[in-house]
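K.L.:
For reference, the sequence and a predicted model appear below.
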Amino acid sequence: MNLLQRRSGAAFALVALATTVGSVAAASPASAAVDRADLTVGLNTDRSRIPVQGEIVMTDVTVANAGVATANGITVTVQLPANAYVGGEGPLSDSWQCVLSPTMVCTHPALAPGQTAAPMTFGVQFRPGADGQAGEIVATVTSTSRESSTKNNSAKQTVTYDASVTYPDLYVSSVAPLSYEVIEGDWVKYPMRFGNRGTATAQDVRVRVAAPAGPLGGVGNQSDPSWQCTTIVTDQEWECVNGPLAPGEQTPLLSFSGPVPAGGQPGDQLPVTIAVSTSTPGENPRGNTYEAAFVYATPAYLTGRVWLDVDADGQRDPEEGVAPTGELGLSVQPYEGTTRSVTVNADGTYRLALHEGQHQLLASLVSTTHRFTTSDVGDDATDSDVVVTYDSIEQQEAQSDQVFLVQGAETVLDIGLVSVG
């Protein structure tokens, strides 16, 4: 074999050896990639400089899984400066479960690869501090799953006190609750006040109130006369102005009122939006809008019939018809609340939607030709249910027993009249 042949053989052997070694390395389990989670955390605040009097700093924390495996046992710890604390009830998110004291610790269900958790939003209340004093808000996320990296598991923001920071900060300080249930015919009142928690005077306070047609028919007579209100949309939207308003002060009372319109179904909402602002530059708009809604309840019904008891036996016979109702006035008095008038239809029937609870039917008869018939005689389904409480030549007053009306049910109270003279 000559030299060229020997070299060719050697080269072939080296190629074969390299191929063999490469094949063994690719098949080695020790070098295979391992799927792991990779949590990231973000932290943002709506301001980095606050007045020395202290301030609420709105804070958002976001957590995502950038890895290729599920992250289990997720915990976020939020550390605050010594002169700050989490305000209110803490984060506004259903998916996070938080303990606020002494350090806020929140847990979250597992996150799949690429999934982002709902953001945690909460206010951090800073107490008064010194000009130039700084504090850090730090958020750290951990997982019971192994992660490919933990370098992005922490984020922070610095907040600094600054004596030069001054601005008005308006807010809705008090309003009537809007979550209570209403029914057709209710008269609702909606009083409100507004405050300035900022560090500068608001030269004016501008309030915009918007609602569906009906429940807030206009500015109530209990509003302070210092409010100047303009109707934007009849029975639906108004703008009212007051001020100036110094830091720490509240406005006089502003109130709207009106009747609940017909046509609502149980659970339907009548939304109301209140927005407060000022023309003073630099005003902090956070918290300037308040939204809620009246909710239609399932009513209880009081029904009945006014009839002419021709034979004066206290029972409504099949052939006995409608009594003259022009001289009769009906109303319902709830155990707690305002008396409601009752309209009797042409066929002698009435039906009134009311709130569940104790009610009493009141009847007034101004007549010299008719009287109330004897009550509670015979069959309860066809007798008269009001008892005379006052009697004169020209007028009678009568009332029913107190009856408990149940939501969704109908209670019947009938009234019989007899002819006299």
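P.N.:
Cool, got the structure.
K.L.:
Tell me the confidence at the residue most central in space within the chain?
P.N.:
The C-alpha lying nearest the average C-alpha coordinate of the chain belongs to residue 292 (CA atoms, centre = their mean; 4.8 Å). Looking at residue 292, its pLDDT is 83.
K.L.:
For it, give the beta-bridge partners.
P.N.:
residue 272 (DSSP bridges).
K.L.:
right, and it touches residue 272 too?
P.N.:
Yes - at 6.1 Å, residue 292 and residue 272 qualify as touching, with contact defined as CB atoms under 8 Å. For glycine as for every other residue, the C-beta is placed from the backbone atoms N, C-alpha and C.
K.L.:
what residues does stretch 39-48 touch?
P.N.:
With contact meaning CB atoms under 8 Å, 6 or more residues apart in numbering, stretch 39-48 is reached by 55, 57-67, 71, 74, 76, 111, 124, 137-143, 147, 152-160, 286.
K.L.:
can you do 7 Å?
P.N.:
Contact partners of stretch 39-48, identified using CB atoms under 7 Å, 6 or more residues apart in numbering, comprise 57-66, 71, 74, 76, 137, 139-141, 143, 147, 152-160, 286.
K.L.:
what's the distance between residue 327 and residue 370?
P.N.:
When distance is defined by CB to CB, to the nearest Å, residue 327 is 7 Å away from residue 370.
K.L.:
Tell me which of these two has more neighbours.
P.N.:
residue 370 (20 against 15; other CB atoms under 10 Å).
K.L.:
low-confidence ranges in this protein?
P.N.:
1-33, 176-179 (pLDDT under 70).
K.L.:
would you list every one of the helices in it?
P.N.:
Counting by DSSP state H, the chain has helices at residues 3-26.
K.L.:
For residue 340, the count of nearby residues, please.
P.N.:
18.
K.L.:
Quick check, it in contact with residue 350.
P.N.:
No - look at residue 340 against residue 350 with CB atoms under 7 Å: they stay out of range, at 11.3 Å.
K.L.:
follow-up on the earlier one: can you flag the buried ones in the contacts of stretch 39-48?
P.N.:
Buried members of the contacts of stretch 39-48, counted by 16 or more other CB atoms under 10 Å: 57-59, 61-66, 71, 74, 76, 137, 139-141, 143, 147, 153-155, 157, 159.
K.L.:
Out of those residues, which sit inside strands?
P.N.:
Taking DSSP state E, the ones among these that sit in strands are 57-59, 61-65, 74, 76, 137, 139-141, 154-155, 157, 159.
K.L.:
Now do the strands for the stretch 251-400 of the chain: every range, in order, please.
P.N.:
Assigned by DSSP state E, counting those that start in this stretch, the strands in the stretch 251-400 of the chain fall at 254-259, 269-277, 289-296, 300-308, 328-334, 340-342, 349-354, 357-366, 370-372, 387-391, 395-399.
K.L.:
so which of those strands comes closest to residue 128?
P.N.:
If you check each of the strands of the stretch 251-400 of the chain against residue 128 by CB to CB, strand 269-277 wins as the nearest, at 24.9 Å.
K.L.:
and the closest one, how far from the chain's centre?
P.N.:
11 Å (CA atoms, centre = their mean, to the nearest Å).
K.L.:
Surely residue 298 is in contact with residue 407?
P.N.:
Yes - between residue 298 and residue 407 there is a contact under CB under 7 Å: 4.6 Å.
K.L.:
What's the local residue count around residue 234?
P.N.:
10.
K.L.:
Show me what counts as buried in stretch 37-52.
P.N.:
37-41, 43, 50-52.
K.L.:
Just the closest of the residues you listed to residue 242, please.
P.N.:
residue 51 (23.9 Å).
K.L.:
Which residues are in contact with that closest one?
P.N.:
165-166, 199 are the contacts of residue 51 under CB under 7 Å, 6+ apart.
K.L.:
Please name the bridge partners of residue 370.
P.N.:
residue 419.
K.L.:
That one against residue 419, yeah?
P.N.:
Yes - assessed by CB under 7 Å, residue 370 is found in contact with residue 419 at 6.0 Å.
K.L.:
buried subset of the contacts of residue 51?
P.N.:
Burial of those was assessed by neighbour count (16+ other CB under 10 Å); the buried members are 165, 199.
K.L.:
Let me have the contacts of residue 51 in TSV, extended by distance to residue 364.
P.N.:
As requested, these are exported to TSV (distance: CB to CB, whole Å):
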residue	distance to residue 364
165	66
166	64
199	61
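K.L.:
Distance of residue 287 relative to residue 183?
P.N.:
32 Å.
K.L.:
who's more crowded, those two?
P.N.:
Between residue 287 and residue 183, residue 183 has the larger neighbour count (other CB under 10 Å), namely 20 against 15.
K.L.:
what sits against the more buried one?
P.N.:
Applying CB under 7 Å, 6+ apart to residue 183 gives the contacts 260, 296-297, 299, 353, 355.
K.L.:
which of the residues you listed lies closest to residue 188?
P.N.:
Out of the contacts of residue 183, the member with the shortest distance to residue 188 (by CB to CB) is residue 260, at 6.2 Å.
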